[in-house]
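Visitor: Any chance you could fold what I've pasted below:
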Amino acid sequence: MNTRFYRLSLVFFCISLGSWAGNPHEWSLTDCLEYAKEHNLEIRQKKIQILDAKVDLKQSRQALLPSLSASSSVNLSNGKSEQSDGSYSNHASLSNQYGLQAGISLFDGLSNYHQIRLSEVNQALAEISVAETVLQQNILITEAYYEVLYANETLLSSKTTAETSQKQVDYSAKLLNAGSITRSDYNQVLAQQSSDAYAVVVAENNLSLKLLTLKQLLELSNQDDFSVQIPDITLNDLAAPVPNKSDVIQTVLTAAPEVVSEKLSVEAAQIRVSKAKSSYYPSLSASAGISTGYNSFESSTYNKQLNQNIGQQIGLSLSIPLFNKGTTQAAVKKAKLSLQTTQIQEQSTKKQLEKTIESLYLDIQNAQSNYKAAETQLQSAEESHRLIEEQFALGMKNTVELLAAKALLSSATQSFLQAKYSIVLSKSLLNIYQNSIAL
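Guide: The predicted model follows:
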């Protein structure tokens with residue numbers, strides 16, 4: 001195995017992105033994920049929704065408490081009134097009224113109780129929604145991160161190919177001057193060098209685009225300097241076995257954020273059915289109050305009138321639903337239909353997650369097989385290219401055979417990189433799903 005292969009399989013993992021200048025800090029994948037967890041706008045919005053859900057829960061609990069209100073009024077009146085001698089005269093009067101009223105719901109068909117349970121579930125849903133969003137962002141960032149690494153290695157490979165092409169052009173020029181090859185042969189080598197140089201430009205643009213995508217996912221400004229840390233991925237890492245598939249699927253289908261969210265949604269739908277049925281039951285409430293007043297028309301003093309005019313009241317109010325034009329029946333039926341829809345959605349989510357995990361395992365198996373084949377193919381292509389280069393220098397091979405060997409080497413290199421990063425990405429995504437357990 002020659003120097004080029006070692007460069008592709010090991011050295012690429014350990015060098016920095018030399019084409020990017022600026023911030024000396026290099027972002028690892030962990031750095032990216034942790035930063036996004038704190039700064040991603042969607043995640044921050046979800047955290048605010050948790051606070052909103054807590055307010056709703058507090059309000060629903062306070063609905064069980066009695067209500068208490070105070071009232072006060074003052075009235076000034078002026079008009080004619082009949083005197084004892086039968087005459088009328090103008091008379092102005094001032095009156096005050098004071099009151100204190102209290103009320104409490106004694107029974108409402110357990111509607112308030114169901115509302116409290118619903119608010120508790122909604123708060124749990126808001127909290128698990130954060131975990132769901134973090135999982136989704138982790139997947140997107142991980143994919144973008146490895147696309148950057150793949151684009152970087154593609155660029156380095158393209159530069160190596162372009163350097164080799166330039167050396168072949170220089171050597172072919174000497175052969176042309178010596179009369180060992182024709183002008184047509186030289187032009188073919190020169191054309192290939194131009195194509196390889198253009199491939200470098202394309203790879204640089206692709207790398208810049210992948211980097212921009214990652215920065216946008218991290219909510220970083222385009223003006224911020226940004227460089228990515230190249231992980232030290234060994235061949236043992238690529239060939240390492242993955243966890244047992246059945247265990248992973250069982251874990252994910254039990255405690256993944258999406259599954260927990262669907263379970264909570266089903267529970268919330270069941271509570272809504274019970275809450276809708278509360279309207280079938282009578283409601284009973286109690287009220288009490290105390291009041292007093294003052295009127296200047298009376299001869300007693302202000303304080304004496306307030307003491308004399310004190311009055312109390314207490315009462316019960318019972319409301320029995322007899323007929324409400326089918327409103328309650330319709331509400332109950334719609335709540336039950338919503339419950340069925342939510343239960344189906346829960347099953348669909350589990351099947352989709354299971355399908356995703358199955359696909360990741362299949363991707364890993366295929367990529368590992370492809371990697372072994374690509375590694376062998378790359379070794380053969382490099383050796384073939386080296387021999388043909390030597391034979392070309394001795395005049396034993398023509399330009400067409402040289403360029404064909406070079407194209408085969410370029411294709412083998414690309415297949416090698418694709419297989420390698422397919423393994424790394426699939427394993428990383430599997431690890432994300434396995435560790436995204438909703439606590």
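
Visitor: Now that residue 227 has come up, it's in contact with residue 28, right?
Guide: No. At 10.8 Å, residue 227 does not count as touching residue 28 under the criterion of C-beta atoms under 8 Å. Bear in mind the C-beta positions are built from the backbone N, C-alpha and C, glycine included.

Visitor: ok, those two, which is more surrounded?
Guide: residue 227 (18 against 14; other C-beta atoms under 10 Å).

Visitor: Give me the distance between the more buried one and residue 32.
Guide: For residue 227, the distance to residue 32 equals 12 Å [C-beta to C-beta, to the nearest Å].

Visitor: Ok, residue 379 next?
Guide: As judged by C-beta to C-beta, residue 379 and residue 32 stand 34 Å apart.

Visitor: what about those two, which has more around it?
Guide: Counted by other C-beta under 10 Å, residue 379 and residue 32 do not tie: residue 32 has more neighbours, with 24 against 17.

Visitor: in what helix or strand does the spatially closest residue to that one that is not a sequence neighbour lie?
Guide: Nearest residue to residue 32, sequence neighbours excluded (C-beta to C-beta, 6 or more residues apart in numbering): residue 141, at 5.2 Å. Residue 141 belongs to helix 111-177 when assigned by DSSP states H and E.

Visitor: and after that helix, which helix or strand comes next?
Guide: Next element after helix 111-177 (DSSP H and E): helix 183-217.

Visitor: Sheet-wise, list the partners of the helix or strand just after that following helix with their directions.
Guide: Scanning forward in sequence from helix 183-217 by DSSP H and E, the next helix or strand is strand 227-228. Partner strands and pairing direction for strand 227-228 (DSSP bridges) are strand 26-27 (parallel).

Visitor: Now the strand it pairs with: average pLDDT?
Guide: Average pLDDT, strand 26-27: 90.

Visitor: And for stretch 247-260?
Guide: The average pLDDT within stretch 247-260 is 92.

Visitor: same check, this time on stretch 279-295
Guide: 94.

Visitor: buried stuff in that stretch?
Guide: 279, 281, 283-285, 289, 292-295 (16 or more other C-beta atoms under 10 Å).

Visitor: Output those residues as a markdown table; include the columns distance to residue 429.
Guide: Output for the buried residues of stretch 279-295, formatted as a markdown table (distance: C-beta to C-beta, whole Å):
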| residue | distance to residue 429 |
| --- | --- |
| 279 | 48 |
| 281 | 51 |
| 283 | 53 |
| 284 | 57 |
| 285 | 56 |
| 289 | 66 |
| 292 | 74 |
| 293 | 76 |
| 294 | 78 |
| 295 | 81 |
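
Visitor: Tell me how many other residues surround residue 235.
Guide: Neighbouring residues of residue 235 were enumerated by other C-beta under 10 Å; the total is 12.

Visitor: ok, now residue 412?
Guide: Count around residue 412 with other C-beta under 10 Å applied: 23.

Visitor: I'd assumed it was in a helix, is it?
Guide: Yes. Looking at residue 412 with DSSP: H, G, I helix; E, B strand; the rest coil, it is inside a helix.

Visitor: wait, it sits on residue 377?
Guide: Yes. With contact taken as C-beta under 8 Å, residue 412 and residue 377 are classed as touching, separated by 4.7 Å.

Visitor: could you check the angle helix 183-217 makes with the host helix or strand of residue 359?
Guide: According to DSSP H and E, residue 359 maps onto helix 327-393. Following axes from the mean of the first three to the mean of the last three C-alpha atoms, to 10 degrees, one obtains 150 degrees for the angle between helix 327-393 and helix 183-217.

Visitor: Any regions of the protein where pLDDT drops low?
Guide: 1-24, 79-89, 223, 437-439 (pLDDT under 70).

Visitor: separation between the spatially most central residue of it and residue 433?
Guide: Taking C-alpha atoms, centre = their mean, the centroid of the chain lies closest to residue 133, which sits 2.2 Å from it. Noted for residue 133: a distance of 15 Å to residue 433, by C-beta to C-beta.

Visitor: what does residue 419 give?
Guide: 22 Å.

Visitor: next one: residue 290
Guide: 64 Å.

Visitor: Same check on residue 243?
Guide: 11 Å.

Visitor: So between the two, which is more surrounded?
Guide: In this view residue 243 and residue 433 are compared by other C-beta under 10 Å, and residue 433 has more residues nearby, 21 against 12.

Visitor: Okay, the closest residue to the more buried one other than its chain neighbours and residue 398: tell me how far apart.
Guide: Sequence neighbours aside, residue 252 is the residue nearest to residue 433 in space, at 5.6 Å (criterion: C-beta to C-beta, 6+ apart). Relative to residue 398, residue 252 is positioned 57 Å away (C-beta to C-beta).

Visitor: do the same with residue 335
Guide: Taking C-beta to C-beta, one finds residue 335 at 80 Å from residue 398.

Visitor: Just give the nearest non-adjacent residue to residue 52, would you?
Guide: Closest residue to residue 52 apart from its sequence neighbours, by C-beta to C-beta, 6+ apart: residue 126 at 7.4 Å.

Visitor: ok, the one you found to residue 120 distance?
Guide: Relative to residue 120, residue 126 is positioned 11 Å away (C-beta to C-beta).

Visitor: Could you do residue 332 as well?
Guide: Distance from residue 332 to residue 120, by C-beta to C-beta: 22 Å.

Visitor: same question, residue 397
Guide: 78 Å.

Visitor: One more: residue 345?
Guide: Residue 345 is 21 Å from residue 120, by C-beta to C-beta.

Visitor: same check, this time on residue 114
Guide: 11 Å.

Visitor: Same question for residue 64.
Guide: Counting by C-beta to C-beta, the gap from residue 64 to residue 120 is 14 Å.

Visitor: Those two: who's more crowded?
Guide: Comparing residue 64 with residue 120 by other C-beta under 10 Å, the one with more neighbours is residue 120, at 19 against 13.

Visitor: Surely the more buried one is in contact with residue 56?
Guide: No. Between residue 120 and residue 56 there is no contact under C-beta under 8 Å: 9.8 Å.

Visitor: on that earlier part again, I'd like to check which residues are in contact with the residue nearest to residue 32.
Guide: Residue 141 makes contact with 29, 32-33, 36, 214, 217-218 under the criterion C-beta atoms under 8 Å, 6 or more residues apart in numbering.

Visitor: now do residue 93
Guide: Contacts of residue 93 by C-beta under 8 Å, 6+ apart are 76-78, 295-297.
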